[in-house]
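Enquirer: Model the structure of this input:
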Amino acid sequence: MWMSRRTVLAGLLTAGAGSCPALARATVELRAGPIPTLPIFSTAGLWGFNGTVPGPSLHARRGEEFRVRVYNEIDEPIGIHWHGVRVPNRMDGTPLTQAPVEPGSVFDYVFVPPDAGTFWYHTTWNSSVQRERGLYGILIVDEDHADEATHDLPMIIDDWKLNATGALDEASFHERSAASGQGRIGNLLTVNGAARPMLFAPANKHLRLRMLNAANARFLNLKLTGAAASVIANDGQPVRAAKPSQSVALLPGQRTDLLVPAGPSPLSLALEEPKETIELAEIVREGALLPEAPPPKPLKSNPLPDYFNYAALHDVTFTIEGGAGSTLQRAYHEGVPRRMSELAERGLFWAVNGNAGLASEPLFRVQPGVTVAITVDNITRVSHVLHIHGHAARLVEVAGRAVTEPVWRDTFLVRPLEPAKIMFIADNPGRWLIASAVAEHFDSGLQAWFEVR
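Expert: Below you'll find the predicted structure:
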């Protein structure tokens, strides 16, 4: 839905990902365009918002109107998805909800975020290329009252595929092996746009690490050393009780908030791979300690439903087929049954319930307030990451076994031949995607949609 153009009232957030700009009270500008070469690249080829990769850290406040004016200064269409934010449907930034923002055009996103937490924004047209070039950033929705005893530190983790000269490997965009396999895995890891950066935080405050996996396809197994830490939120939703943990598993698109007590000890974040440990970043704690640091304020729960109506479930099956090594012979695309060879020529390798790409009819239609149970059956050879738009949900069952402590999330892992059940209250009216969070899989057909009337 196109909105009328208005005069920009004020404000341009240009702070980098590791800083905490003031809360936006007027329209924020985001300009998508080519950017100068970053130190980690030997040649250009990046796009970014406001000249940086990642884009500026945006701050909103729960329950207050947030306005972003997006200028498209690249040579292809874009749309901005507010990943994890339960926005009004027309603001979701997908082909289901708006026309693309064409080159040279402007679009206003206006919404009131209902949830405080860590979210992010990224493009949804030609997602595997635009995200890989750098069109994404973190969105922090602050609680109603600031916690002066805690210091925020966003940590946006990404990987980049570079060629032999150290430049962005543009020749590998849209590779069939990546689209039909694991997705695009890079060979250089960065935090906040830098390789192995040294970050700084005050020693006399508790530290809230807002960690985001912005990689197209890489699964992250992270380990924090140097001090105790506790998980306080997942995908923007506070956990019921902080859970001590030094390790965090993050799927593409997922976020986890870690709370580290005040103290002088330096911290180190590393990626644990099967055959090696890769240092990602170091955090230096600066300044004098207070005699006794005040305790951090506990996070307030977001306004999510605290019940499921098991007596009147709307059951849905979501079957994923295709990919490398698949026996799938054909699938529907644009309402026409097509052989997999023909779909591959169109860059499509995955199907949901027999449809490659968005079907003309929704996966299901329900009235607001209905409890939906989606059983995802992954009969491919690849683990898949699914993101549900406009809602938060709980993974309640895996391979027939109940999940002991299900938590609210918007992005989930579904392994091959391990059916997973996801439940949520369909309470946000509109047409919503449930699709792969792996950019290459998203672009190559792993998409479906549902409607809340």
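Enquirer: tell me the residue furthest from the middle of the protein?
Expert: The centre of the chain is farthest from one residue, residue 291, which by C-alpha atoms, centre = their mean lies 39.0 Å away.
Enquirer: which SS class is it?
Expert: Under DSSP: H, G, I helix; E, B strand; the rest coil, residue 291 falls in the coil class.
Enquirer: give me every residue that touches it.
Expert: Residues near residue 291 by C-beta atoms under 8 Å, 6 or more residues apart in numbering: none. Quick note: C-beta positions are derived from backbone N, CA and C, even for glycine.
Enquirer: low pLDDT regions in this structure?
Expert: 1-25, 37-44 (pLDDT under 70).
Enquirer: Assign the residue positioned nearest the centre of it to helix, strand or coil.
Expert: Nearest to the geometric centre of the chain sits residue 253, at 2.9 Å (C-alpha atoms, centre = their mean). Using three-state DSSP, the three-state assignment for residue 253 comes out as coil.
Enquirer: That one and residue 297: what is the separation?
Expert: Distance, residue 253 to residue 297, by C-beta to C-beta, to the nearest Å: 27 Å.
Enquirer: before we move on, which element is residue 440 in?
Expert: Taking DSSP states H and E as the criterion, residue 440 maps to helix 439-443.
Enquirer: give me every residue that touches the residue nearest to the centre of the chain.
Expert: 83, 120, 213, 214, 385, 387, 411, 437.
Enquirer: residue contacts, the residue nearest to residue 89 when sequence neighbours are not counted?
Expert: Closest residue to residue 89 apart from its sequence neighbours, by C-beta to C-beta, 6 or more residues apart in numbering: residue 430 at 2.5 Å. For residue 430, the contacting residues are 88, 89, 90, 92, 97, 390, 451, 452, by C-beta under 8 Å, 6+ apart.
Enquirer: Out of these, list just those in strands.
Expert: In this view, these that belong to strands under DSSP state E are 451, 452.
Enquirer: Now the buried members of the contacts of residue 430.
Expert: 88, 89, 90, 92, 97, 390, 451, 452 (16 or more other C-beta atoms under 10 Å).
Enquirer: Let's have these in a markdown table, adding distance to residue 143.
Expert: Listed next are the buried ones among the contacts of residue 430 as a markdown table, based on distance: C-beta to C-beta, whole Å:
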| residue | distance to residue 143 |
| --- | --- |
| 88 | 22 |
| 89 | 25 |
| 90 | 26 |
| 92 | 24 |
| 97 | 28 |
| 390 | 22 |
| 451 | 32 |
| 452 | 27 |
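Enquirer: is residue 412 in a bridge, and if so with what?
Expert: For residue 412, the beta-bridge partners are residue 386 (DSSP bridges).
Enquirer: so what's it up against?
Expert: Residue 412 neighbours (C-beta under 8 Å, 6+ apart): 251, 376, 385, 386, 387, 388, 393, 395, 420, 422.
Enquirer: secondary structure class for the closest residue to residue 315 other than its chain neighbours?
Expert: Sequence neighbours aside, residue 373 is the residue nearest to residue 315 in space, at 5.2 Å (criterion: C-beta to C-beta, 6+ apart). Classification of residue 373 by three-state DSSP places it in strand.
Enquirer: same question, residue 177
Expert: Classified using three-state DSSP, residue 177 is helix.
Enquirer: Test my guess that it contacts residue 323.
Expert: No - with contact defined as C-beta atoms under 8 Å, residue 177 does not reach residue 323; the gap is 10.8 Å.
Enquirer: These two: which has the busier surroundings?
Expert: Between residue 177 and residue 323, counted using other C-beta atoms under 10 Å, residue 323 has the larger neighbour count: 25 against 11.
Enquirer: separation between the nearest residue to the more buried one once chain neighbours are set aside and residue 277?
Expert: If you skip the residues right next to it in sequence, residue 323 has residue 380 as its closest partner in space, 4.5 Å away by C-beta to C-beta, 6+ apart. Residue 380 is 30 Å from residue 277, where distance means C-beta to C-beta.
Enquirer: re earlier: between the contacts of residue 430, which is closest to residue 163?
Expert: residue 92 (34.8 Å; C-beta to C-beta).
Enquirer: how far away is that closest one from residue 50?
Expert: 22 Å.
Enquirer: Residue 95 too?
Expert: Taking C-beta to C-beta, one finds residue 95 at 25 Å from residue 50.
Enquirer: Name the residue in these two with the higher neighbour count.
Expert: Higher neighbour count among residue 95 and residue 50: residue 50, with 20 against 15, using other C-beta under 10 Å.
Enquirer: Could I get the phi/psi values of the more buried one?
Expert: According to degrees, to the nearest 10, the main-chain angles of residue 50 amount to phi 60, psi 30.
Enquirer: I'd like to know how far it sits from residue 186.
Expert: 23 Å.
Enquirer: Name the member of the contacts of residue 412 that has the highest neighbour count.
Expert: Of the contacts of residue 412, with other C-beta under 10 Å as the count, residue 386 tops at 30 neighbours.
Enquirer: Contact partners for that one?
Expert: 376, 411, 412, 414, 422, 434, 435, 436, 437 are the contacts of residue 386 under C-beta under 8 Å, 6+ apart.
Enquirer: Same check on residue 97?
Expert: 1, 89, 90, 91, 430, 431.
Enquirer: Also residue 254?
Expert: Taking C-beta under 8 Å, 6+ apart as the criterion, residue 254 is in contact with 212, 213, 234, 235, 409, 411, 437.
Enquirer: which SS class is residue 128?
Expert: When classified by three-state DSSP, residue 128 comes out as helix.
Enquirer: Wait, it touches residue 216, no?
Expert: Yes - counting by C-beta under 8 Å, residue 128 sits close enough to residue 216 to count as a contact (6.1 Å).
Enquirer: For those two, indicate the residue with more neighbours.
Expert: Of the pair residue 128 and residue 216, residue 216 is the one with more neighbours under other C-beta under 10 Å, namely 27 against 24.
Enquirer: can you pull the contacts of that one?
Expert: By C-beta under 8 Å, 6+ apart, the residues touching residue 216 are 128, 131, 132, 159, 183, 184, 186, 252, 438, 439, 440.
Enquirer: How about it, nearest residue that isn't a chain neighbour?
Expert: Spatial nearest neighbour of residue 216, chain neighbours left out: residue 439 (4.2 Å); criterion: C-beta to C-beta, 6+ apart.
Enquirer: what number of residues lie near that neighbour?
Expert: 27.
Enquirer: now swap in residue 304 and tell me
Expert: Counted with other C-beta under 10 Å, the neighbours of residue 304 add up to 17.
Enquirer: Next up, the contacts around it.
Expert: 115, 237, 392, 408.
Enquirer: Which member of those is positioned nearest residue 153?
Expert: Among those, and counting by C-beta to C-beta, the member closest to residue 153 is residue 237, at 19.6 Å.
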